[in-house]
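> how would this look folded up:
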Amino acid sequence: MAGPEGIEWRRGPRSRAWGRLTWYAVFGGAIVVIAYVLFGNEPAQLDSGRSNPLARMPAGVAALFVAVATPFVLALFRRPLVAADHYALSVRPGILRTLLLPWARIVEIAAYGVREEAFLLVRCRDGADRLGDLPRWWDRTVLRAAMRGERQPRGSGPVVAAYDVAVRMDEFVGDPAAQLAALAAYA
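Model (predicted):
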């Protein structure tokens, strides 16, 4: 999406989020079923009159399953974001917060392929100025995934590790080169 005051990359289908949620539901559902098969017939009280903790195991596993499913469900609604205007680049790499990175703090923006997957990489300037948001550990989840997938030739250092934030470009509609060119107009 483009406008006189800025652009926002159009998001693609939610296939990655649906795939992860489906995988989790199948795997987690199997664990819940196993817990009910193993512990479903446990008596509520032991012969000594004390409550049986194993009787609560199926309900506890089901509650844990629901609690851990929360990030997978959130990924369907809080999708990655890349937007730019003349002041800053806004990125949301995952489901948590949206980072506002002023162009004055950005040193480099690049598109980089890691195992047939393209990433938008952003390197920020270190310094005492407090313009915009500082990427934190949770903001670098996608960056860490890119570092794990990166294969380096012998004698060279990791390329992705030099950056501060990464966003998966396949979450958006369009060719990575065209997406990067759209950002270049504002950079």
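> doesn't residue 74 lie inside a helix?
Yes - assessed with DSSP: H, G, I helix; E, B strand; the rest coil, residue 74 lies in a helix.
> quick one: contacts for it?
The contact partners of residue 74, by C-beta atoms under 8 Å, 6 or more residues apart in numbering, come to residue 95. C-beta: built from backbone N, CA, C; applies to glycine.
> same check, this time on residue 88
100-103, 132.
> and it, how close does it get to residue 144?
Relative to residue 144, residue 88 is positioned 24 Å away (criterion: C-beta to C-beta, to the nearest Å).
> thought residue 139 was touching residue 97?
Yes - Residue 139 lies in contact with residue 97 (C-beta atoms under 8 Å); the separation is 6.9 Å.
> compare those two (neighbour count), which wins?
Just comparing residue 139 and residue 97: by other C-beta atoms under 10 Å the higher neighbour count belongs to residue 139, 21 against 15.
> hang on, the more buried one in a helix?
Yes - residue state for residue 139 (three-state DSSP) corresponds to a helix.
> still on that earlier bit, with distance to residue 28 added, can I get the contacts of residue 88 in TSV?
Listed next are these as TSV, based on distance: C-beta to C-beta, whole Å:
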residue	distance to residue 28
100	35
101	36
102	41
103	43
132	38
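> helices of the protein, start to end?
Residue ranges of the helices in the chain, as given by DSSP state H, are 15-39, 57-77, 141-149, 176-184.
> buried deepest among those, which one?
Among those, helix 141-149 has the highest mean neighbour count (mean count of other C-beta atoms under 10 Å), at a mean of 17.
> so how far is that one from its chain's centroid?
10 Å (C-alpha atoms, centre = their mean, to the nearest Å).
> which helices and strands sit right next to it?
strand 106-114, strand 117-124, strand 165-168 (3 or more C-beta pairs under 8 Å, 6 or more residues apart in numbering; DSSP states H and E).
> redo that, cut-off 7 Å
Packing contacts for helix 141-149, counted by 3 or more C-beta pairs under 7 Å, 6 or more residues apart in numbering; DSSP states H and E, involve strand 165-168.
> residues making contact with the strand it packs on?
The contact list for strand 165-168, computed with C-beta atoms under 7 Å, 6 or more residues apart in numbering, reads 80, 82, 91, 93, 99, 117, 119-122, 135, 139-140, 142-143, 146, 160.
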